[in-house]
Structure formats: C-alpha cells, structure tokens
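Engineer: fold the following and give me the result.
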Amino acid sequence: MVTFLQSVVLSFVQGITEWFPISSSGHLVIFNQLLGVNPDNVLGFTVYLHFASVLGVIILFWRDIVNLVARKQYNYMLAILLAIVPPAIAGIYLKDTIEKIFSNFFSMGVFFCIFGVLAYSTKYARERKGKISNGDAGTIGIAQIFSLFPGISRSGMAISSGLILGLKKEQAIKFSFLIAIPLVFGAALVDSASIMEMDLPFYTYLTSFTITLFVSLLTIHYLIKLIKNDKFYLFGIYNIILGAILILWSLL
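Structural biologist: Below you'll find the model as predicted:
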C-alpha cells in the first residue's frame, strides 16, 4: 500500500506531470521505483488522483464548457469528438499491451527523447489558422494515440500537434484542455473499480486529492503562460535530457 509520505510525493508528481508535457505515466513509473512502491499496488490511488487532475481543468475552463452548450457550437463539439475517438479506442484495446511491452527505462528513455524532439520543433511553428478544422482535430486525435507509450505526453502531443498544424496558441491551448476532460475522466472511470481496492486513511485521500487539484491549477496556469510566451519548446529539452538519463541508467 501507499504510505502518507509516498501519497504526498505522488500527488505532486501527478498534478505537475499530467498537464506539463512530460508524460505523467512515465514519471509515475520513475517515482514509484525511486520510492520503492509496487506499481500494481497503486493503480487505484493513481486513478483517484486523475479525478482531481481533471477537476482542475473543469474549474479553469468552465466558461468555455458552458459556452459550448449554451451557444450550441456543434462544429466545435464535432471537432472535440474527432480528437477523442482515436485515443479512446486505442486506449481500450492497446493500452495494457503497450505498457507491458515498453515499461522499462530504456524504452521509456527512447520515447521521452522522441517526444522531446517533437516538442522542441514547435519552436519553429507559425500561427496560420484562426479556427480548428475537422482535419486538424482528427490529426490531433491520431497523434494522441502515441501517448499510450510511457514517455510520451498526451497533453504534449495534443498541444504540439496543434501548434505544428498552425493553430493560434489560444486555440491550441483551449482545444487541448477541452479534449482532456473526457479523455482523462473517461480513462479514470474505466479503472475506477480499482479505487475500491485501496484501503487508506481518510486524511490520505483528502490530502492527496487537495494537493493534486491545487498543483494542477498552478501547473495549467503556468503552462498557458509559457505557451503564450513561445517557451513551450523548452519542455522538449527537458524530455530529451531525461530520456538520455534513463537510457544511460538502464545500461549501467
């Protein structure tokens, strides 16, 4: 089981890595090993933290959510659907298989590096489009399938793809987080039964949920500022460096 101290650390890791483009699944594998936690024993806890993460997005983007429904923006809703269907289907049929095959530090390091190159390439992206097309949405959806590999960030793939496709920064940001709500919530809901298998004190649940929620709010806020200031590519450097460290670590 998870100790209180481990739950606090994992809550900070989840709140930061779920929204920063640095692969939450990859970082949780790393920290589980560093903390001596058996990943099989924390599935329910990780799923529980995902609900806190997605609540942060809902709090920050509630106006956009309300406007989608109130103003009957059916075209935008269709775009969201096109972006969530590919990763949702792939996640149902491929997630466990992919993670079992590639859940070692060497392969994770490779995928961190691959995504790092993609994220860094956004430095050269230029805004060309004011609206997202169905083709753009479908492309972003397909790109997110690769986030099933530990080391590749879902939010990072969505934002990077949007920027590379030429979307305005505000459009890429909003679209990425709006599609995150059904994807992250849906994935957590599928595995929600595992939460019942956890037997932790109430204060552990409350503390970890609160930490994850507030860290998520701060992370999202800071990420938006970095993107608007054309600093998103810096995450590419981080991913490449971390990937190289993991590859070297696995070879020692």
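Engineer: from Leu10, how far off is Asn32?
Structural biologist: Asn32 sits 8 Å away from Leu10 when distances are taken as CB to CB, to the nearest Å. Yep, even glycine has a C-beta here, placed from its N, CA and C like the rest.
Engineer: likewise Ser153?
Structural biologist: Here the distance between Ser153 and Leu10 works out to 17 Å (CB to CB).
Engineer: these two: which is more packed in?
Structural biologist: Ser153 (31 against 24; other CB atoms under 10 Å).
Engineer: I'd say the more buried one and Phe115 touch.
Structural biologist: Yes - judged on CB atoms under 8 Å, Ser153 makes contact with Phe115 at a distance of 6.3 Å.
Engineer: overlap of the contact sets of those two?
Structural biologist: Taking CB atoms under 8 Å, 6 or more residues apart in numbering as the contact rule, the neighbours common to Ser153 and Phe115 are Pro21, Ser23, Asn239.
Engineer: can you list these in JSON lines and add secondary structure?
Structural biologist: Supplementary listing: the shared contacts of Ser153 and Phe115 in JSON lines, determined by DSSP: H, G, I helix; E, B strand; the rest coil:
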{"residue": "Pro21", "secondary structure": "coil"}
{"residue": "Ser23", "secondary structure": "coil"}
{"residue": "Asn239", "secondary structure": "helix"}
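Engineer: out of those residues, who's nearest Ile58?
Structural biologist: Ranking the shared contacts of Ser153 and Phe115 by separation from Ile58, with CB to CB as the measure, puts Pro21 on top at 20.1 Å.
Engineer: which residues touch that closest one?
Structural biologist: By CB under 8 Å, 6+ apart, the neighbours of Pro21 are Phe115, Ala119, Ser153, Ser155, Gly156, Met157, Ile159, Ser160, Leu223, Phe232, Phe235, Asn239.
Engineer: quick check: nearest residue in space to it, chain neighbours excluded?
Structural biologist: With sequence-adjacent residues excluded and distances taken as CB to CB, 6 or more residues apart in numbering, Pro21 is closest to Gly156, at 2.7 Å.
Engineer: next up, phi/psi of Gln73, please.
Structural biologist: Main-chain torsions, Gln73, degrees, to the nearest 10: phi -80, psi 70.
Engineer: next up, the contacts around Gly236.
Structural biologist: With contacts defined as CB under 8 Å, 6+ apart, Gly236 is in contact with Phe115, Gly116, Val117, Leu118, Ala119, Tyr120, Ser121, Thr122, Lys123.
Engineer: next one: it, what pLDDT does it get?
Structural biologist: As summarised for this prediction, Gly236 has a pLDDT of 98.
Engineer: report the separation between it and Ser160.
Structural biologist: Counting by CB to CB, the separation of Gly236 from Ser160 is 9 Å.
Engineer: same question, Ala70
Structural biologist: For Ala70, the distance to Ser160 under the criterion CB to CB works out to 31 Å.
Engineer: what does Thr17 give?
Structural biologist: Taken as CB to CB, the spacing of Thr17 relative to Ser160 amounts to 16 Å.
Engineer: which of those two has more neighbours?
Structural biologist: Regarding Thr17 and Ser160, a neighbour count based on other CB under 10 Å identifies Ser160 as having more, with 27 against 23.
Engineer: follow-up on the earlier one: the residue nearest to Pro21 is in contact with Gly116, isn't it?
Structural biologist: No - the pair Gly156 and Gly116 fails to qualify as a contact (CB under 8 Å) at a distance of 9.4 Å.
Engineer: so what sits against both of the two?
Structural biologist: Phe235, Asn239.
Engineer: for the helix-or-strand element of the chain with minimal mean pLDDT, buried residues please.
Structural biologist: Within the chain, no helix or strand scores below helix 74-102, which has a mean of 88 by mean pLDDT, DSSP states H and E. Taking 16 or more other CB atoms under 10 Å as the basis for neighbour counts, the residues of helix 74-102 that come out buried are 76, 79-84, 86-88, 90-91, 95, 98, 102.
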